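S.K.: Show me the folded form of this:
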Amino acid sequence: MDMSAAYVRSSKENIPLAEEKIVHDRFHIMKMATEAVDKVRKGEHRRLIELGDHRLTGTKYLWLTGQENLSDSQRKRFDEADSRHLKTGKAWAYKEILRDLWHHDKPEVATHFFKDWYSRVIHAKLEPLKKVAGTIKERLANVGKRPS
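M.R.: Next comes the predicted model:
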């Protein structure tokens, strides 16, 4: 389910033993992380435009797409934009790394992976991603695999 505080609160108020039944799935977590990348991109794009730099113009969907889903032409544009060490590129990389959370079979290994990711993100100067990291940390016990 969505990680929104309102959804969690409502579930706990209306579902017996909800704390044990809530699962925050990959879709909702990655959606939240992708939205954070877009917030970083928007802020950085505004700052760059003020300086006359248009390198992020027309790149929104490049940053919202998973690496494996970029076409050859998108990959070329992505590499051109990413090669300039933008905050957007760093945010995107953290989002892509987070996708690996679901590749661990043992909960303790996934937890260790998350704690390492969290530590890196929390020290980055990327406020929208820090918020995502904090939200996941608060609800880590309920993070699980998407039902098959």
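S.K.: Following the chain past the lowest-mean-pLDDT helix or strand in the chain, name the next helix or strand.
M.R.: For the chain, the helix or strand with the lowest mean confidence is helix 18-21, at a mean of 74 (criterion: mean pLDDT, DSSP states H and E). As assigned by DSSP states H and E, the chain's next helix or strand after helix 18-21 is helix 26-50.
S.K.: From the chain's centroid, how far away is that following helix?
M.R.: Mean-position distance between helix 26-50 and its chain equals 9 Å (Cα atoms, centre = their mean, to the nearest Å).
S.K.: Which secondary structure elements does it sit against?
M.R.: Other elements packing on helix 26-50 under the criterion 3 or more Cβ pairs under 8 Å, 6 or more residues apart in numbering; DSSP states H and E are helix 60-64, helix 87-98, helix 127-138. C-beta here means a position set from N, CA and C on the backbone, and glycine is covered the same way.
S.K.: So what touches the second one?
M.R.: What it means is helix 87-98. 29-30, 33-34, 36-37, 40-41, 43-45, 56, 63, 66-67, 81-82, 117, 120-121, 124-126, 128-129 (Cβ atoms under 8 Å, 6 or more residues apart in numbering).
S.K.: Export it to CSV, keeping only CA atoms.
M.R.: Extracted in CSV, the C-alpha atoms of helix 87-98 (Å, rounded to 0.1, in the frame of the first residue of the first chain):
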residue,chain,number,x,y,z
LYS,A,87,22.2,17.0,-8.7
THR,A,88,19.4,15.4,-10.8
GLY,A,89,21.9,12.7,-12.0
LYS,A,90,22.9,12.0,-8.4
ALA,A,91,19.2,11.8,-7.3
TRP,A,92,18.5,9.5,-10.2
ALA,A,93,21.4,7.2,-9.3
TYR,A,94,20.2,6.9,-5.7
LYS,A,95,16.7,6.0,-7.0
GLU,A,96,18.2,3.4,-9.3
ILE,A,97,20.3,1.9,-6.5
LEU,A,98,17.1,1.7,-4.3
